[in-house]
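>>> Pasting a predicted model and its sequence here:
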Amino acid sequence: MRPFIRTLTIISTLLMLTACGPNKQANLITSTLPAISPESARVYFYRSQVPFLAAIEPEFLVNGKSVGIAKINQVLYRDAEPGNYEIKISSDIKNPILILLKPGEARYFKAYGTTSVIRSHHAIKEIPEDQALKEIQGQKLLAP
């Protein structure tokens, strides 16, 4: 019976490690990002490179709906119709960012670790395009 449990443990461990492997749909960002349709807008989400709170992966929320998870070294984007949107992160829902997306426009939002007297958590802020493009170089871009 003991060899069976050992074999089962090894197989389970290998399967879990395989699941943790790189996302096959992700490409490294090396220079340019995918073009935006002139009639739509795009919102990019990424996380700071600092491993502070690394084990916690909150969700990015647009108008209260999850659009993806904040993971280190991963950038995700969502195309949207021009209009008004509320951007939040699930660990800090009391501090939304209200934006107006214009046709052909891209906006960048970064999750970062922060600490208060009460707790440590992720917050989100909008980052200027030139700064965001520098920060996301070498990260994995996840397709929608």
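Right, received. Where do you want to start?

>>> helix or strand right after the lengthiest strand in the chain?
The longest strand of the chain (DSSP state E) is strand 106-115. Next along the chain after strand 106-115, taking DSSP states H and E as the criterion, comes strand 120-127.

>>> State the mean pLDDT of that next one.
What strand 120-127 shows for mean pLDDT is 91.

>>> Contacts for the next helix-or-strand element following it next, please.
Remark: after strand 120-127, the chain's next helix or strand is helix 129-135, criterion DSSP H and E. Residues outside helix 129-135 that contact it (C-beta atoms under 8 Å, 6 or more residues apart in numbering): Leu33, Tyr44, Tyr46, Ser48, Gln49, Ala106, Tyr108, Lys110, Ile127. Yep, even glycine has a C-beta here, placed from its N, CA and C like the rest.

>>> Export the residues you listed as CSV, with columns for distance to Val67 and neighbour count.
CSV is the format used below for these (distance: C-beta to C-beta, whole Å; neighbours: other C-beta atoms under 10 Å):
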residue, distance to Val67, neighbour count
Leu33, 17, 15
Tyr44, 11, 20
Tyr46, 12, 28
Ser48, 18, 17
Gln49, 21, 13
Ala106, 15, 16
Tyr108, 14, 22
Lys110, 15, 21
Ile127, 17, 20
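
>>> which residues of the chain fall in strands?
26-28, 41-47, 59-62, 65-69, 74-80, 83-89, 97-101, 106-115, 120-127, 140-142.
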